[in-house]
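Trainee: coordinates only, sequence not included:
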């Protein structure tokens with residue numbers, strides 16, 4: 001059974017940067033597209049970014065495009081989300097996700113979720 005464990009959340013000032021990590025286990029990492037979602041208090045979970053199995057295709061939500069980079073490391077079975085120029089509206093619990101492909105993850109077709117890591121942005 002696939003398990004995902006996120007880390008790297010924390011408190012950061014607006015304009016700052018943060019890198020979230022997600023370690024994959026319980027399956028073949030290279031067989032999965034990977035992604036990140038986030039959920040702010042009182043709001044629905046929303047797609048943030050996804051990367052293909054080969055790492056050559058990435059998709060982002062409009063509001064983080066240009067400020068965010070998703071990457072994967074096959075040797076470490078890990079996926080990362082680099083967040084730059086953080087805004088107050090980026091504050092949320094960020095969830096790692098695994099699925100068949102980046103496109104399907106973006107559509108919400110997720111096979112496994114992590115437990116989430118909290119990103120707090122201060123003014």
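Mentor: Sure, I can see it. This is a predicted model, so every value here is computed, not measured.
Trainee: does residue 104 really touch residue 33, like I thought?
Mentor: Yes. The pair residue 104 / residue 33 is scored as a contact, 7.0 Å apart, by CB atoms under 8 Å. All C-beta spots, glycine's among them, are computed from the backbone N, C-alpha and C.
Trainee: now residue 72: which helix or strand?
Mentor: Here residue 72, judged by DSSP states H and E, is contained in strand 68-73.
Trainee: and that strand, how far out from the chain middle?
Mentor: 8 Å (CA atoms, centre = their mean, to the nearest Å).
Trainee: repeat for stretch 115-123
Mentor: In terms of CA atoms, centre = their mean, the centre of stretch 115-123 is found 12 Å from the chain centre.
Trainee: what are the contacting residues of it?
Mentor: Here stretch 115-123 makes contact (CB atoms under 8 Å, 6 or more residues apart in numbering) with 4-14, 16, 18, 20, 38-39, 83, 86-88, 90-95.
Trainee: contacting residues around residue 22?
Mentor: Contact analysis of residue 22 by CB under 8 Å, 6+ apart lists 4, 5, 6, 7, 34, 36, 78, 79, 80, 81, 96, 114.
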